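In: model the structure of this input:
(one chain, ligands or ions: 1)
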Amino acid sequence: MSSSSSSQLFGRNLSQALRPVSLSRPLPQRVAAVTDTKKKTNGKAKPVPMELIRVDQQKAAAETEILRKIAYQVGVDAESVTAQQAYQGVAWTVRERLIDAFNKTQAYWREKDPKFIYYLSAEFLMGRTLTNAVNNLGLEGEFGEAIRKLGYSLEELQSQEQNASLGNGGLGRLAACFLDSIATLSLPGWGYGIRYRYGMFRQGLENGYQSESPDYWLTNGNPWEIPRRELAYKIGFYGSVQQGKWVPDEQVYAVAYDNPIPGYGTKTVGNLRLFDCQPMSEFKLASFNEGKYSEATDAKRKAEDISAVLYPNDATEYGRELRLKQQIFFVSAAIQDTLARFKKTHKDMKELPSKACFQMNDTHPTIAVAELMRLLIDQEGLKWDAAWDITTKSLAFTNHTVMPEALEKWPVKVMAKLLPRHMEIIEKIDSIWKDSLRAKVTSEVGSQPKQAAPEKAAEATKEAAAEPPVDPVEAALAKYSIITENPWEKGVKLVNMAFMATIGSKSTNGVAAIHSEIIKETIFKDFYELSPEKFQNKTNGVTPRRWLAYCNPGLSKLITKTLGSDEWISKTDQLTGLKQHADDKAFQKQWRSIKLENKQRLADLIKSKTGISVPTNALYDVQIKRIHEYKRQHLNMFSVVNRYLEIKAASPEERKKFVPRVVIIGGKAASAYVMAKKMIKLVTSLGDVINNDPEVSDLLKVVFIPDYNVSLAETIIPGAEVSQHISTAGTEASGTSNMKFQMNGCLIIGTMDGANIEIAQESGKENMFVFGVDAKDIGRLREERKNFKVNDPRWEKVMSFLTGNTFEQGLFQDLVDNVNDMSKANDWFLLGNDFTDYLRAQDEIDVLYKDQDAWTKRSILYTASSGFFSSDRCIDQYAKEIWDVKPCPVPSS
Ligand code: 26V
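Out: Okay, here's the model as predicted:
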């Protein structure tokens with residue numbers, strides 16, 4: 001292909017772009033020398049000292065390296081490079097820089113032997129890596145230039161990268177932000193998880209309904225991982241316990257893949273070690289020879305299933321054996337890996353708590369309690385008490401939800417079958433634990449009135465004849481027990497993973513101030529009363545690198561210019577320096593023009609994903625998060641319906657008074673969650689009606705952006721002007737997108753729930769559009785809901801519209817009944833209670849938006865007061881108050 005046709009093909013003058021560094025030029029000396037070595041040894045490569053290669057890499061221009069990668073790694077002619085090939089060339093080049101710094105960091109830490117934090121998480125929602133790696137490594141100048149010469153921009157190439165969507169939502173993205181901060185603070189720390197081959201499903205829309213397809217994110221290879229095929233741990237399942245030791249029936253290998261995590265403004269590069277599941281033997285030749293082809297590969301398929309798919313976390317389909325397999329799979333591999341490293345330099349297992357802390361991200365990794373005990377006792381030969389002491393000093397637990405249905409409870413039967421030795425250990429932990437409480441409980445029971453009322457006593461005698469007598473002390477101990485009876489299925493016993501986690505850990509924390517209080521009063525009440533000192537709060541945070549500096553380069557530049565330095569990127573408290581400019585009209589103008597550019601980018605994204613054109617002079621109103629009844633996307637839609645009806649009812653003259661709005665929704669519904677899927681249909685159906693109604697024209701648009709993920713969030717958040725965080729008070733543990741919006745100067749409409757409360761404290765409650773009932777009243781209001789009439793004519797209008805003839809007969813009847821027909825349902829999330837106040841807050845938004853200076857001032861104040869919500873602050877607190885891990889920065893020389 002001639003150079004002119006290639007440039008036509010790809011719309012870029014590539015021959016021009018490549019001229020200064022064309023491959024026909026002699027290679028830089030060092031690289032040529034390496035090639036020469038090969039020649040002289042007749043094709044047998046002599047080992048080249050790594051140091052020489054590294055020195056050379058530092059000197060060689062990024063351009064040359066990229067072109068070599070395109071030529072020899074991607075294997076294409078640099079004259080006809082596609083965006084994907086250019087991305088590959090750049091990514092594989094950045095990878096080398098990353099690995100250099102990674103190796104140095106890990107070697108330094110091996111030498112210094114500091115205490116490590118190991119973040120155990122079933123989810124890491126990393127998104128894309130290229131921009132983050134280039135910027136964190138400080139390569140933007142050198143690589144930016146080289147990429148431009150290729151005829152692309154960093155942004156364009158980054159868009160070629162598949163998202164690593166190894167998480168469901170907030171919990172997984174939090175883990176990813178934490179890794180960024182751990183590296184940035186130079187804390188010795190690794191993440192441990194699963195290298196799912198299929199991440200979070202891809203969402204499509206069919207007739208306005210969600211459709212799901214697999215997310216095969218590794219199609220084009222993954223430049224950001226280093227396979228460690230030599231590092232494989234045996235993981236067992238099933239079998240029996242013989243002479244106190246476990247003899248599993250089935251075994252697989254957990255093979256390590258390292259994903260270097262570059263810190264910002266430091267030489268430190270941390271690690272995310274993910275495990276892939278592989279069979280012990282690839283292939284049964286004997287079966288194959290007998291013509292049993294599928295049997296020959298059975299074991300391989302079965303093993304690979306374990307790390308194949310990420311489970312949706314917000315469906316109520318717990319209890320699946322494969323999920324428990326995944327949990328023990330990565331937890332066991334992580335602990336074995338840690339112990340193996342520890343044993344290289346330490347003899348006494350008692351030192352483990354001074355060298356390692358495992359943070360368990362929700363209940364998914366909490367089998368770690370039993371697994372660490374098993375390894376210490378069965379493999380290291382420790383006595384029970386010594387092992388328990390080490391375990392409870394090495395583990396820490398974070399709770400991320402108060403939804404009772406989300407707290408994992410494994411049937412004892414499943415646990416005993418899959419992990420017989422672990423079940424034995426759990427039973428012993430439970431029994432010792434209850435023994436330790438027996439004296440206390442006995443005295444409490446003894447101090448209670450023994451004599452029941454006469455009629456109750458008579459009833460009790462009748463019942464006693466049918467059932468064996470219940471020991472009152474044992475009955476009172478049940479509330480502390482790890483092993484509990486399934487309330488829905490008599491006789492079925494369950495392992496309460498959250499209880500095991502808190503008993504087996506040195507600390508239990510919630511993720512926002514209100515949430516940490518709620519867990520002490522509800523799910524962990526009895527445990528809190530026993531050991532209040534174990535309970536902590538660690539309000540979540542998000543990385544200001546990805547979520548402001550890199551996703552919003554326009555604003556980032558303005559902030560740096562205004563503050564006189566870019567130090568705010570790692571010291572976010574400096575953002576308060578923006579406050580003094582909040583009233584400055586010229587500054588406000590610049591702030592607004594950046595928002596407008598970001599809105600344009602968002603409008604382009606909407607057009608390309610949905611075909612819908614949205615005007616940039618409208619207010620961009622965004623709600624992006626998992627679709628759930630407790631998050632109340634339907635409440636948002638009720639307000640949209642109300643707005644629509646009001647516009648329709650207005651005269652042409654009156655219509656001029658409406659502030660034009662684009663309501664943008666994004667998020668996935670768990671595939672088994674019927675009501676959440678109906679909520680998506682509600683959004684798309686309203687969009688179909690409203691967007692095509694000439695009467696409302698550009699005054700109102702409703703857009704559902706399909707397949708919401710990390711990289712879409714990076715475009716949506718900077719372009720948003722108001723964002724919705726409207727969960728029923730007391731239900732959202734924290735929320736983290738609220739923090740990202742705040743950082744980007746996007747105003748918030750929200751309930752007093754999760755981290756909204758702390759955001760309101762930082763930014764001023766009067767600056768947030770706050771509405772809704774109080775968390776402390778929820779219990780009572782739920783009880784009263786049946787007799788509570790929504791005293792607002794607009795509510796009835798909205799309900800009638802949704803069940804009327806605009807839509808297919810009965811389409812939204814179930815959704816409406818759930819919140820409005822108290823003979824059938826109970827409006828559990830109290831939409832009826834919050835509706836009127838929500839509309840009031842919505843009106844306030846419109847009023848303020850008409851005063852653009854006042855609006856912009858608030859926007860500036862939001863960003864200026866967002867410093868607290870950096871994950872650097874949060875991780876610093878974890879490090880000091882839970883982990884006792886200190887920074888160990890790699891020296892610059
Ligand atoms: C929620 C639910 C709701 C009911 C149905 C079953 C179910 C299963 C799982 C979950 C959530 C699991 C934990 C989780 O993802 N929590 C999220 O963690 C974020 C990071 O701390 C936090 O910001 C979110 O508020 C919290 O929902």
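In: please count neighbours and contacts with C-alpha atoms only from this point.
Out: Fine.
In: which pLDDT does the model give the nearest residue to residue 131 once chain neighbours are set aside?
Out: Using CA to CA, 6 or more residues apart in numbering and skipping the chain neighbours, the partner closest in space to residue 131 is residue 158 (6.6 Å). pLDDT, residue 158: 97.
In: where's residue 158 relative to the ligand, distance?
Out: With distances taken as CA to the nearest ligand atom, to the nearest Å, residue 158 is found 26 Å from the ligand.
In: and that residue, how far from residue 87?
Out: From residue 158 across to residue 87, the span is 7 Å (CA to CA, to the nearest Å).
In: neighbour-wise, which of those two wins?
Out: Remark: of residue 158 and residue 87, residue 87 carries more neighbours, 25 against 22, as counted by other CA atoms under 10 Å.
In: quick one: the strands in the stretch 51-200 of the chain?
Out: 116-120, 124-127, 164-166, 189-194 (DSSP state E, counting those that start in this stretch).
In: could you give me the average pLDDT of the shortest one?
Out: Think strand 164-166. 98.
In: that one pairs with which strands, parallel or anti?
Out: Paired strands of strand 164-166, with direction, are strand 124-127 (antiparallel) (DSSP bridges).
In: okay, the strand it pairs with in PDB with CA atoms only?
Out: The C-alpha coordinates for strand 124-127 follow below in PDB (Å, rounded to 0.1, in the frame of the first residue of the first chain):
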ATOM      1  CA  PHE A 124     -11.600  -4.000  40.900                       C
ATOM      2  CA  LEU A 125     -13.300  -1.700  38.500                       C
ATOM      3  CA  MET A 126     -10.200  -0.300  36.800                       C
ATOM      4  CA  GLY A 127     -11.600   1.200  33.600                       C
END
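In: quick check: the residue nearest to residue 131 vs residue 84, distance?
Out: From residue 158 across to residue 84, the span is 9 Å (CA to CA).
In: what sits against whatever residue of the stretch 651-800 of the chain ends up closest to the ligand?
Out: Ranked by CA to the nearest ligand atom, the top residue of the stretch 651-800 of the chain for proximity to the ligand is residue 735, at 3.3 Å. Counting by CA atoms under 8 Å, 6 or more residues apart in numbering, residue 735 touches 170, 754, 755, 756.
In: switch to 7 Å and redo it
Out: 170, 754, 755 (CA atoms under 7 Å, 6 or more residues apart in numbering).
In: near the ligand, from those residues?
Out: Among the contacts of residue 735, the residues that sit close to the ligand (CA under 6 Å from any ligand atom) are residue 170.
In: in helices only, show me the contacts of residue 735.
Out: Members of these lying in helices (criterion: DSSP state H): residue 170.
In: dump the contacts of residue 735 into JSON lines; add pLDDT as well.
Out: Listed next are the contacts of residue 735 as JSON lines, based on pLDDT from 0 to 100:
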{"residue": "170", "pLDDT": "97"}
{"residue": "754", "pLDDT": "98"}
{"residue": "755", "pLDDT": "98"}
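In: the contacts of residue 735 into JSON lines, with extra columns for distance to residue 582 and neighbour count?
Out: Formatted as JSON lines, the contacts of residue 735 follow (distance: CA to CA, whole Å; neighbours: other CA atoms under 10 Å):
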{"residue": "170", "distance to residue 582": "31", "neighbour count": "19"}
{"residue": "754", "distance to residue 582": "27", "neighbour count": "29"}
{"residue": "755", "distance to residue 582": "24", "neighbour count": "28"}
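In: for the strands of the stretch 51-200 of the chain, which one sits closest to residue 176?
Out: Distance to residue 176, taken as CA to CA, is lowest for strand 124-127 among the strands of the stretch 51-200 of the chain, at 5.4 Å.
In: wait, does the closest one contact the ligand?
Out: No: judged by CA under 6 Å from any ligand atom, strand 124-127 and the ligand are separated, with a smallest distance of 11.5 Å.
In: which residues does that strand contact?
Out: Contacts for strand 124-127 (CA under 7 Å, 6+ apart): 163, 164, 165, 166, 167, 172, 173, 175, 176, 710, 711.
In: quick one: average confidence on that strand?
Out: Per-residue scores along strand 124-127 average to 98.
In: and for stretch 829-844?
Out: Stretch 829-844 comes out at a mean pLDDT of 98.
In: same check, this time on stretch 80-90
Out: Confidence for stretch 80-90, expressed as mean pLDDT, is 94.
In: now the nearest residue to residue 632 once chain neighbours are set aside, what's its secondary structure?
Out: Nearest residue to residue 632, sequence neighbours excluded (CA to CA, 6+ apart): residue 727, at 5.9 Å. Following DSSP: H, G, I helix; E, B strand; the rest coil, residue 727 is assigned to coil.
In: and residue 727, what is it in contact with?
Out: 630, 631, 632, 751.
In: surely residue 750 meets residue 767?
Out: No: between residue 750 and residue 767 there is no contact under CA atoms under 7 Å: 11.3 Å.
In: okay, these two: which has more neighbours?
Out: Legend: neighbour count by other CA under 10 Å for residue 750 and residue 767, higher for residue 750 (25 against 18).
In: just list whatever residues bridge to that one.
Out: With beta bridges defined as DSSP bridges, residue 750 has these partners: residue 725, residue 770.
In: check contacts around it.
Out: By CA under 7 Å, 6+ apart, the neighbours of residue 750 are 724, 725, 726, 756, 769, 770, 771.
In: ok, now residue 622?
Out: Residue 622 neighbours (CA under 7 Å, 6+ apart): 663, 664, 665, 720, 722, 723, 724.
In: try 10 Å this time
Out: With contact set as CA atoms under 10 Å, 6 or more residues apart in numbering, residue 622 has these partners: 662-666, 703, 716-717, 719-725, 741, 746, 748.
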